[in-house]
Structures are given as structure tokens and as C-alpha cells.
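S.K.: 3D model of this:
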Amino acid sequence: MGYGRWNDDTFRAAATFRRAAGRDDFGWDADVRRRPRSTWAAAPELDPFRVDARESRDSAEHPASTPVAVLFDVTGSMGRVPRLVQQRLADLHGLLRDQPHVPDPQILFGAIGDAETDRVPLQVGQFESDNRMDEQLRSVFLEGGGGGQKTESYELAAYFIARHTVTDAWERHGRKGYLFLVGDEMNKPWLRAEHVRRVIGDRLPGDLDTREIYREVQQRWHTFFVLPRMTAYWDDPQVDRHWRALLGERLLRLEDPAAISDLIAATIATTEAGAPVDGLDDGLAGAGVAPPAGAAVVLRRPRALRSAWGGFGFQAMHGRGGR
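M.R.: Prediction:
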């Protein structure tokens, strides 16, 4: 729901306690892997079948909530990137919270698999403003499956965000939220009604064209696809063309997967400052960052934005559409 406030000391203390107790940082994943594969399941709090909607709400603490949803591919083609991304996403709130252009960030984390082959094809947390976002992130199951056909069920995640989220940013203020899908493959051409029924619980009259789902989700969400290096299809032209056709310049190529939070924070700051993503220099300058032309941007945690060259590096893929 987005109540409470993030506390760095609580975050560090919890990590120290886990290390001292010999517990895995990602305890649900470790527990599930000790079980027979036939019993693998999402953590109850991340199971989309168990919830009607995820909500991002204003409150006295957070009167201008900014909903941010980050769902990352956890299939085999992503290699070791999902765990690296999972470890670094905990930094995201610290990067966002003190930026003047990003009021009251509320973050939802989730994971994407393959509805045709995986036991756990979709996991979706809740929008949080406090340390519960770290707890939901550590409850993600890194299944490592996938069907091997260069497609995963990103369209299922887009459907959930389009039809099973409610935000005061949109309902009360007419402001879009932010959706980041992190992966390296293509959508399936159709959102299968069978997959929606089995994974989410909705009963659709028939399959839906994936392009329609992305048009729908973009009505309320600034939607981006992040393609990290160190994945199987980083250089695949078919994947590139697929996402450019859907999102235009909102396909973002990330040179260093460890900088996922920096990229997301910079992209949100750019958009909130009123600049298109394909004009990163101007947009970042408007957000309080003034890098030289062609620079990579690194954001200093937790209070200030800073530019630095030779950092993680990212590119916006230029194209039309996706506004």
C-alpha cells in the first residue's frame, strides 16, 4: 500500500543478522530449492492468484505517491543477471527518495518466467515505501527455467499491471506510474486466456494480442524494457526489433547489470523532469544532473545526483512510439 518510511539502519541491521545466523539473503529461493520440483511455488505474498489488486495510495506521510513497478526475468537465458539485479534493486529507493522530481516513491518488485514451461511464471509484490520492499525482494524465487524459444511471459506481467493495479497517482492526480520490465527475450505473440486463468485467476473470453496489452498498460504506466548485457540475447537483432516495435525509445540497453537501480532512477528523474528518454542529456540536466555530452550517468546515494564518466553506461534505443 505504500505506508511507512525506509530506514537504512534497519536494512543494514537485518543484513548483518542474516549473515551472523548463516541465512541466505534470499531465503525463499533457498528454501524452495530444497523441495521436490513438483512443489515449487511463489511465496504467498508474491502469488498473483491470491490478490485482487496491488495498490499505491497517498497518505499523510506520502501525499504525492509515485508508483514504480520493477519486474525482472528469472529464466535461464538471463544467466547470473537475476541474482545480481535482485541484490542491487534494494538500492533503488535510496536513489529515488530525495530527488525533487520524484515525490514519495512506492516500489513494487516482481519476477517473470515462462507460463508454458515454468512452475512459477509470475511473482508480484506490493507497492511499499519502507523496509518491506526489501523483504518482498528477498522473497522472489529465481526459478531459472524458461522454454528456450526466445520468448518469455512478459505479456502476462504487463496484463497484471494493466488490470490489477490501482494508484492514487492516476486516480486522483492523472499521473502515470513507472513500469520497468528487465529481460533479454521477446513476448509471446498472444496472451493466452489459459495462462491468465491459471496464474492470475481471471477468466477471459479468448486470447489477447500482446500488442493490445502493451497499448493498454501504457495508458496508465510509463513502460520501459531494460535489456542487460551478460544475457543470452543481448546482441540479438530480432529481440531488438521486437521491443522497438512495442516501445520505441523506451527499450533501454544496460551495459552493466549491477547499475540497474541507477538506470531506473535516472530514467524516472528524466521523465519527471519532462524530457523524452531519447534526450537523456537534456532530461538529466533538468533533473539536477549536468553531464557532458555523451556521458554515462552515475547517481550518488542517498541524497544527491552526480555525474561521472566511465561509469556503468547505458543507451536509449531511439525510435518512435512508446510515449
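S.K.: could you use CA atoms for every contact and neighbour count after this?
M.R.: Will do.
S.K.: what segments of the stretch 1-150 of the chain are strands?
M.R.: 54-56, 66-73, 105-112, 122-124 (DSSP state E, counting those that start in this stretch).
S.K.: got the contact list for A162?
M.R.: Residues in contact with A162 (C-alpha atoms under 8 Å, 6 or more residues apart in numbering) are 213, 216-217, 220.
S.K.: quick one: the helix or strand containing it to strand 105-112, angle?
M.R.: Take DSSP states H and E as the rule and A162 turns out to sit in helix 154-163. Counting by axes from the mean of the first three to the mean of the last three C-alpha atoms, to 10 degrees, helix 154-163 points 150 degrees away from the direction of strand 105-112.
S.K.: after helix 154-163, which helix or strand is next?
M.R.: strand 165-167.
S.K.: other residues contacting that following strand?
M.R.: With C-alpha under 8 Å, 6+ apart as the criterion, strand 165-167 contacts 53-57, 67, 177.
S.K.: rerun at 7 Å
M.R.: 53-57 (C-alpha atoms under 7 Å, 6 or more residues apart in numbering).
S.K.: select only the buried ones of the contacts of A162 in ChimeraX?
M.R.: One line in ChimeraX is enough to select the buried members of the contacts of A162, burial here meaning 16 or more other C-alpha atoms under 10 Å:
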select :213,216,217,220
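S.K.: beta partners for the residue nearest the centre of the chain?
M.R.: Centroid-nearest residue in the chain, with C-alpha atoms, centre = their mean: V70, separated by 1.4 Å. Counting by DSSP bridges, V70 is bridged to F109, F180.
S.K.: that one reaches I112, doesn't it?
M.R.: No: V70 is beyond contact range of I112, at 10.4 Å (criterion: C-alpha atoms under 7 Å).
S.K.: just the CA trace of the helix or strand harbouring L263, in CSV.
M.R.: Counting by DSSP H and E, the element that carries L263 is helix 260-272. Only the C-alpha atoms of helix 260-272 are listed here, as CSV (Å, rounded to 0.1, in the frame of the first residue of the first chain):
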residue,chain,number,x,y,z
ILE,A,260,20.1,-1.4,-12.7
SER,A,261,18.9,0.9,-9.9
ASP,A,262,20.9,3.8,-11.2
LEU,A,263,19.4,3.4,-14.7
ILE,A,264,15.8,3.2,-13.3
ALA,A,265,16.3,6.2,-11.1
ALA,A,266,17.9,8.3,-13.9
THR,A,267,15.1,7.3,-16.3
ILE,A,268,12.4,8.3,-13.8
ALA,A,269,14.1,11.6,-13.0
THR,A,270,14.4,12.3,-16.7
THR,A,271,10.8,11.6,-17.4
GLU,A,272,9.5,13.5,-14.4
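S.K.: test my guess that G183 contacts V74.
M.R.: No: the pair G183 / V74 is not scored as a contact, 8.1 Å apart, by C-alpha under 7 Å.
S.K.: would CSV of the strands of the stretch 1-150 of the chain with distance to P48 and mean pLDDT be doable?
M.R.: Formatted as CSV, the strands of the stretch 1-150 of the chain follow (distance: least, C-alpha to C-alpha, whole Å; pLDDT from 0 to 100):
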stretch, distance to P48, mean pLDDT
strand 54-56, 9, 96
strand 66-73, 13, 95
strand 105-112, 10, 93
strand 122-124, 6, 97
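S.K.: which of these sits closest to D256?
M.R.: strand 66-73 (15.2 Å; C-alpha to C-alpha).
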